[in-house]
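Asker: What would the 3D arrangement of this be:
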Amino acid sequence: MLNKIPSQISFGTDQQSSYKFDDQLSIRTGNFKIAGFKIYLQDNIICGIAIIYLNIGIGRKIIFTDTYQNRKYNNQYEFDIASNDYIQVIFGHYDQKINQLGIITYSGKQEIFGIDQGKSFNYMFMGHTFTGCNGTFTLNSIQTLGFQVQQLPKDYIQQNLHPLLEIFYPSIENNHIQNIEQMNTRQLNLSEFTILNKSGRQDNNQKNQNELLESELIKQLEYQKFDYFNLPFKETQQQNTRFVSNNNQKKNQQGSATPDLQSVGVGIKIGIGLFKLITHH
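Answerer: Okay, here's the model as predicted:
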């Protein structure tokens, strides 16, 4: 995993009597990169600085702040950075003021200004560069400096730092593959899935179950309350029995009467059919 990259770096010692400048306020509305430095030296001591920016959109260079403009100095040095090159390392020394400032670009161009006196500083973040300078200064010294940390453009990384391309600018295809791998290695948790109208379906299922139970109870109550002795075939059987009894009496009396067996058989069949229909057998 990559270490966390800061959005800004700063070094030096701030003092209440210092003046302030902030080029970030000027470059935030456009696409700028640092294209060089102007360093003012007095007896090898850094006494002023100006940052040269390149407006990438129109190809024009501009200086927003010059801390030593219109003052006398022994030497002025310019450090130019090509349009297809970027700052890789910023280092140096400081105590009450910045005594030394060193710069190295990704192409290997480098320069050191001032003397190595005081506390050292060194900043480098691979795949990133520095822009948007701000700081504090006095009439003859630089108290503090700060720079925004910015990721290098994709086309520059692709041409010059290709192994870093997939780290800083991962492709959509690789992102898709990584997502699939994460899904494959992850245990499925059904509780994470959203079930639409889950409560509604549960209510319907419960309602159906209740209706089935009520239907069974109704059937049971119907079977329990049904008076099988009042079935038609029972009554017919009783009537036929009385008919047989009367015929027997007549037979005994007359000696020649016979029961109507066909009527008895029909009554029994009707009764059995009704019983099967009711009990579903």
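
Asker: Do a quick rundown of the strands in the chain.
Answerer: Remark: strands assigned in the chain by DSSP state E are 8-12, 19-22, 32-42, 45-55, 60-66, 75-80, 87-94, 98-105, 110-114, 119-124, 128-137, 142-151.

Asker: Turn these into CSV, columns for mean neighbour count, mean pLDDT and distance to residue 163.
Answerer: C-beta: built from backbone N, CA, C; applies to glycine. Listed next are the strands of the chain as CSV, based on neighbours: other C-beta atoms under 10 Å; pLDDT from 0 to 100; distance: least, C-beta to C-beta, whole Å:
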stretch, mean neighbour count, mean pLDDT, distance to residue 163
strand 8-12, 18, 97, 25
strand 19-22, 14, 94, 35
strand 32-42, 20, 95, 23
strand 45-55, 21, 95, 27
strand 60-66, 15, 94, 32
strand 75-80, 13, 93, 28
strand 87-94, 20, 98, 16
strand 98-105, 20, 97, 19
strand 110-114, 17, 96, 23
strand 119-124, 14, 97, 17
strand 128-137, 22, 96, 15
strand 142-151, 20, 96, 15
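
Asker: Adding distance to residue 164, write these out as TSV.
Answerer: Shown next, in TSV, are the strands of the chain (distance: least, C-beta to C-beta, whole Å):
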stretch	distance to residue 164
strand 8-12	20
strand 19-22	30
strand 32-42	18
strand 45-55	23
strand 60-66	28
strand 75-80	25
strand 87-94	13
strand 98-105	16
strand 110-114	21
strand 119-124	14
strand 128-137	10
strand 142-151	10
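
Asker: So for residue 166, which of these sits nearest?
Answerer: If you check each of the strands of the chain against residue 166 by C-beta to C-beta, strand 142-151 wins as the nearest, at 14.0 Å.

Asker: just the CA coordinates of that closest one, formatted as PDB?
Answerer: What follows is strand 142-151 as a C-alpha-only set of coordinates in PDB (Å, rounded to 0.1, in the frame of the first residue of the first chain):
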ATOM      1  CA  ILE A 142      13.300  34.100   3.000                       C
ATOM      2  CA  GLN A 143      11.700  32.900   6.300                       C
ATOM      3  CA  THR A 144       9.500  30.000   5.100                       C
ATOM      4  CA  LEU A 145       8.500  28.300   1.900                       C
ATOM      5  CA  GLY A 146       5.700  25.900   1.100                       C
ATOM      6  CA  PHE A 147       4.600  24.000  -2.000                       C
ATOM      7  CA  GLN A 148       1.500  22.100  -3.100                       C
ATOM      8  CA  VAL A 149       2.100  18.400  -3.800                       C
ATOM      9  CA  GLN A 150       0.600  17.400  -7.100                       C
ATOM     10  CA  GLN A 151       0.400  14.100  -9.000                       C
END
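
Asker: so what strands line up beside that strand?
Answerer: Here strand 142-151 has these sheet partners by DSSP bridges: strand 8-12 (antiparallel), strand 128-137 (antiparallel).

Asker: So what touches it?
Answerer: Contacts to strand 142-151, defined as C-beta atoms under 8 Å, 6 or more residues apart in numbering, come from residues 5-15, 18, 24, 46-49, 67, 90, 96-98, 101, 125, 127-137, 168.

Asker: And stretch 29-36, by the same measure?
Answerer: 51-57, 61, 78-81, 83, 86-87, 129-133.

Asker: With stretch 47-67 instead?
Answerer: 19, 21, 23, 26-27, 30-41, 68-69, 71, 73, 78, 80, 83, 101, 131, 133, 135, 137, 140-142, 145.

Asker: Repeat that for stretch 10-20.
Answerer: 67, 92, 94-98, 121, 134-138, 142-147.

Asker: can you pull the alpha-carbon coordinates of that stretch into CSV?
Answerer: C-alpha atoms of stretch 10-20 as CSV (Å, rounded to 0.1, in the frame of the first residue of the first chain):
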residue,chain,number,x,y,z
SER,A,10,6.5,23.6,4.2
PHE,A,11,9.9,24.4,5.8
GLY,A,12,11.5,27.3,7.6
THR,A,13,10.8,29.5,10.6
ASP,A,14,7.9,32.0,10.5
GLN,A,15,8.3,35.4,12.2
GLN,A,16,5.7,38.0,13.0
SER,A,17,7.6,40.7,11.1
SER,A,18,7.5,38.7,7.9
TYR,A,19,5.7,39.6,4.7
LYS,A,20,3.5,36.9,3.1
